[in-house]
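# I would like to see how this sequence folds:
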Amino acid sequence: MDLSLSDEQQMLKDSVARLVLEQCSIEKRRECRDSQDGFDRALWSQLAELGILALPFAEEDGGFGGSALDVMVVMEELGRGLALEPYLINVVICGGLLQCASADARATHLPTLIAGDSQWAFAFAEAHSRFNLCHVELAATASADGFLLNGEKTSVLNGHCADQLIVSVRTAGATRDSEGVSLLVVDASAPGVERTSYPLVDGTRGADIRFTDVAVPAQALIGDAGGAAVLIEDVVAQALVAMGAEAVGAMDALLDQTTEYTRTREQFGQPIGKFQALQHRMADMYLHCQSLRSLLLYAAIARDEQRPDMLQAASGLKVKLGEAGRFVSQQAVQLHGGIGTTDELGVGHYFKRLLLLNTLFGDEKHHLERYVQLQA
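As a prediction, the model looks like this:
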């Protein structure tokens, strides 16, 4: 099987890589991290102009009908450049959920998302939900015109600046039942929506969001009422593949920077890269990077071909992401020494991003258990 990129994918990779190289320095990252939005809206507009935001959407919805491999190419370069732009949240997750909405809803929401004019967030986590996507307490009671929301969501990535929220709600059943979970599009500025914003460990931003008697029209429902659990699981699996690609880019960058540092840092009159013990550690870093890349390619191909094991492949990828990301980032910090933990050097920023990617949508232990369950 030929696993090399097509000419179009190579052009896409080069375009994103060039843009990220020009726009995503560590200095610029610190500046954007400390801003109100937490990312560069000018760069977000450039991604829209290049068609990167439109990539995975169907042509009838204004997109290019891109594959999981195409998204993988984009996410790898964004990860390599430590881009703060919320491509994962807006395009992969919320865009993936919106593609299953009605034609009218897609016509209403997708054009502004693709043009980069609206920000989105997926509000799914709750105080006691841990990694269970079906643990939903936020109640959506039926009203004359739709639904009335009461409850709270926590750790909503990009929730601090989102114009629209996709919220998992309980319309029937008990707290952890898969049946009875629904998805609603909620205007973030609607009466009764209260946001508490805060920075996250990796420099991105999120929010806790409280809903108090928030009125939502019936047309805001995505899919069938009470039947959203399967859709959420499928889109989260897509997100795991994209996260794996981002992690591969970040880990490759860490390996490159660490190798370059050991060529210039001298100890006992010679570069530390000549010490055999350190060479062995960097060789192990390389092996972890390549192992994750292999699982990423398989998971992306399984997604594109709709193979029966695509959910299992996504969980296997997430397990390796946690293991490899932890090893490579820790080795990079140790080989750099004290400066590896400073805010001025990129190494610490990659470390923190990989730390967040490990826990988002389930950590290594959670997905190892899930992998075994899906295999049975």
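
# Tell me if L355 really is in a helix.
Yes. Judged by DSSP: H, G, I helix; E, B strand; the rest coil, L355 forms part of a helix.

# pLDDT score assigned to the nearest residue to it once chain neighbours are set aside?
Spatial nearest neighbour of L355, excluding adjacent residues (CB to CB, 6 or more residues apart in numbering): V201 at 6.3 Å. All C-beta spots, glycine's among them, are computed from the backbone N, C-alpha and C. Looking at V201, its pLDDT is 92.

# Could you pull up the residues touching V201?
By CB atoms under 8 Å, 6 or more residues apart in numbering, V201 lies in contact with 352, 355-356.

# Tell me which helix or strand in this protein has the weakest average pLDDT.
strand 266-267 (a mean of 78; mean pLDDT, DSSP states H and E).

# how about the strands of this structure, start to end?
120-123, 139-142, 146-157, 164-170, 181-187, 193-199, 205-217, 221-222, 266-267, 270-271 (DSSP state E).

# rewinding a little: pairing partners for the least confident helix or strand of the chain, with directions?
The strands beside strand 266-267 in its sheet (DSSP bridges) come out as strand 270-271 (antiparallel).

# to the chain's geometric centre, what's the distance from the partner strand?
39 Å (CA atoms, centre = their mean, to the nearest Å).

# L200 - how many residues pack around it?
Using other CB atoms under 10 Å, L200 has 14 neighbouring residues.

# How about the biggest helix by length in the chain, which residues are buried there?
If you go by DSSP state H, the chain has its longest helix at helix 229-264. For helix 229-264, burial by neighbour count (16 or more other CB atoms under 10 Å) applies to 229, 231-232, 234-255, 257-259, 261-262.

# Check stretch 7-17 too.
9, 12-13, 15-17.

# List of residues touching it?
Outside stretch 7-17, the residues within contact range by CB under 8 Å, 6+ apart are 5, 50, 52, 55, 69-70, 73-74, 76-78, 80-81.

# Check the gap between the closest residue to L50 other than its chain neighbours and G362 for me.
Nearest-residue entry for L50: S15, 6.2 Å, with adjacent residues in sequence omitted and distances by CB to CB, 6+ apart. According to CB to CB, to the nearest Å, S15 stands 32 Å off from G362.

# Over to P191?
Counting by CB to CB, the gap from P191 to G362 is 34 Å.

# repeat for A250
19 Å.

# out of P191 and G362, which sits in the more crowded spot?
G362 (22 against 9).

# So for the closest residue to the more buried one other than its chain neighbours, what's the pLDDT?
Of all residues not flanking G362 in the chain, F131 sits nearest, at 4.1 Å (CB to CB, 6+ apart). As predicted, F131 sits at a pLDDT of 95.

# Pull the contacting residues for the spatially most central residue of the chain.
Closest residue to the average C-alpha location of the chain: L88 at 3.8 Å, with CA atoms, centre = their mean. Counting by CB under 8 Å, 6+ apart, L88 touches 75, 239, 242-243, 246.

# how about a markdown table for these, with pLDDT and distance to L98 added?
Shown next, in a markdown table, are the contacts of L88 (pLDDT from 0 to 100; distance: CB to CB, whole Å):
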| residue | pLDDT | distance to L98 |
| --- | --- | --- |
| M75 | 98 | 19 |
| A239 | 98 | 14 |
| A242 | 98 | 16 |
| M243 | 98 | 19 |
| E246 | 98 | 21 |
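
# mind listing the helices in the protein by residue range?
7-23, 26-33, 41-49, 68-80, 87, 95-98, 103-114, 229-264, 276-304, 310-336, 346-359, 364-375.

# when you compare where the longest one runs with where helix 346-359 runs, what's the angle?
This points to helix 229-264. 160 degrees (axes from the mean of the first three to the mean of the last three CA atoms, to 10 degrees).

# Please state the offset of helix 229-264 from the chain centre?
Using CA atoms, centre = their mean, the distance from the centre of helix 229-264 to the centre of the chain it belongs to is 10 Å.

# Run through the neighbouring helices and strands of it.
Counting contacts by 3 or more CB pairs under 8 Å, 6 or more residues apart in numbering; DSSP states H and E, helix 229-264 packs against helix 68-80, helix 95-98, strand 181-187, strand 270-271, helix 276-304, helix 310-336, helix 346-359.

# run the last query once more with 7 Å
With contacts defined as 3 or more CB pairs under 7 Å, 6 or more residues apart in numbering; DSSP states H and E, helix 229-264 has these neighbours: helix 68-80, helix 95-98, strand 270-271, helix 276-304, helix 310-336, helix 346-359.

# what sits against the residue of the chain most remote from its centre?
What lies farthest from the middle of the chain is G269; by CA atoms, centre = their mean that is 43.9 Å. Listed by CB atoms under 7 Å, 6 or more residues apart in numbering, G269 has no contact partners.

# P199 too?
Contact analysis of P199 by CB under 7 Å, 6+ apart lists R205.

# Please repeat the previous calculation with a cut-off of 10 Å.
Neighbouring residues of P199 by CB atoms under 10 Å, 6 or more residues apart in numbering: 33-34, 38, 160, 205-206.

# Now the two most distant members of those residues.
Based on CB to CB, the longest span within the contacts of P199 runs between D34 and G206 and measures 15.4 Å.

# Between those two, which has more neighbouring residues?
Each of D34 and G206 has its neighbours counted (other CB under 10 Å); G206 has more, 22 against 10.

# Find the residue closest to that one in space, skipping its chain neighbours.
The spatial neighbour of G206 that comes closest, neighbours along the chain excluded (CB to CB, 6+ apart), is L157 at 4.9 Å.

# Many thanks, we can stop here.
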